[in-house]
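# this one's structure only:
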Ligand SMILES: NC(=O)c1ccc[n+]([C@@H]2O[C@H](COP(=O)([O-])OP(=O)(O)OC[C@H]3O[C@@H](n4cnc5c(N)ncnc54)[C@H](OP(=O)(O)O)[C@@H]3O)[C@@H](O)[C@H]2O)c1
């Protein structure tokens, strides 16, 4: 029987370059998804106390020769310099999986002599608690086997989706990559507005957080689409209707504001991609 990508991950191993916030979330996810620590090597100049506590079981320092996957989780600004530490270890049979925002497939491929299969993934911060979502896309050297392997690694921290064209990655970054910050700000704004209506701060924050979490859960679990769910809460001449007249204003409401927000984020993601060329 042909080896599965999980067999390959365990046999040939995974090397992780950069173990900061996102690298740590991935590493914790892999360990709890059953990838044995002996199959993982980590390159990180300043290990956190948690990573230090794992040093006995993980391979720290030099990665194994030709690992199944090399996951690059360093900041985009130092990407090209940092990968110099691993290029010599990664053969053409190593899948390069990069989560660095804005670093394009051809830039990554060039750093690995144009030979390697490369997948770019864009996760988001809820990955830290296993509720992330990552969008993936691969270069021409990737096969379904590589995409399956990349999906397995990213699904350790949440859901995964595939995108058809790399050019969509800028809009994905603007939506799900930066999106958690929009929702955090929404919670802040709802809390502040409720304080202005006379609620104590602690209570307002609890109500705002749980409302966002509950509505998100309902939107995911319900068979109805968000439009129907919204209409279900909006009775004629009721409280919600008064609120939505403001929020859904065609000129000044959330719709045009969100268009401007995502447009600015997409543009910035495109600019950052050019800086890394
Ligand atoms: N956090 C997110 O929500 C998110 C979402 C999507 C994509 N990403 C991408 O994920 C990547 C990592 O982001 P992050 O938030 O995890 O950043 P981070 O916490 O700063 O992690 C990067 C880690 O890489 C280490 N590092 C620096 N130079 C290195 C080298 N030469 N070799 C190996 N490791 C090195 C850093 O160590 P020092 O701190 O000591 O420099 C740090 O621990 C970025 O490219 C980012 O675009 C992040």
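It's in. Predicted model only: the values in this text are computed from it and were never measured.
# Let me see the ranges of the strands in the stretch 151-277 of the chain.
158-162 (DSSP state E, counting those that start in this stretch).
# residue in it nearest to the ligand?
When scored by CB to the nearest ligand atom, the stretch 151-277 of the chain has residue 177 as its residue closest to the ligand, at 5.0 Å. (C-beta placed from N, C-alpha, C; glycine too.)
# give me phi/psi at the residue lying closest to that residue once chain neighbours are set aside?
Ranked by CB to CB, 6 or more residues apart in numbering and with sequence neighbours excluded, the top spatial neighbour of residue 177 is residue 122, at 5.1 Å. Main-chain dihedrals, residue 122, degrees, to the nearest 10: phi -120, psi 100.
# thought residue 122 was touching residue 176?
Yes - Residue 122 sits in contact with residue 176 when judged by CB atoms under 8 Å, with a separation of 7.0 Å.
# Pull the number of nearby residues for residue 172.
Residue 172 has 24 neighbouring residues, counting by other CB atoms under 10 Å.
# quick one, what contacts the spatially closest residue to it that is not a sequence neighbour?
With CB to CB, 6+ apart as the measure, residue 135 is the residue that lies nearest to residue 172, at 4.4 Å, once sequence neighbours are left out. With CB atoms under 8 Å, 6 or more residues apart in numbering as the criterion, the residues that contact residue 135 are 121-122, 160-163, 168-169, 172, 176.
# cutoff 6 Å now
Remark: with contacts taken as CB atoms under 6 Å, 6 or more residues apart in numbering, residue 135 is in contact with 122, 161, 163, 172.
# Which two among these are spaced furthest apart?
Within the contacts of residue 135, 122 and 161 form the most distant pair, 9.9 Å apart (CB to CB).
# quick one, which of those two is more surrounded?
residue 122 (27 against 13).
# Mind pulling the model confidence for the nearest residue to residue 21 once chain neighbours are set aside?
On the basis of CB to CB, 6+ apart, the spatially nearest residue to residue 21 that is not a chain neighbour turns out to be residue 128, at 7.0 Å. Note on residue 128: pLDDT of 95.
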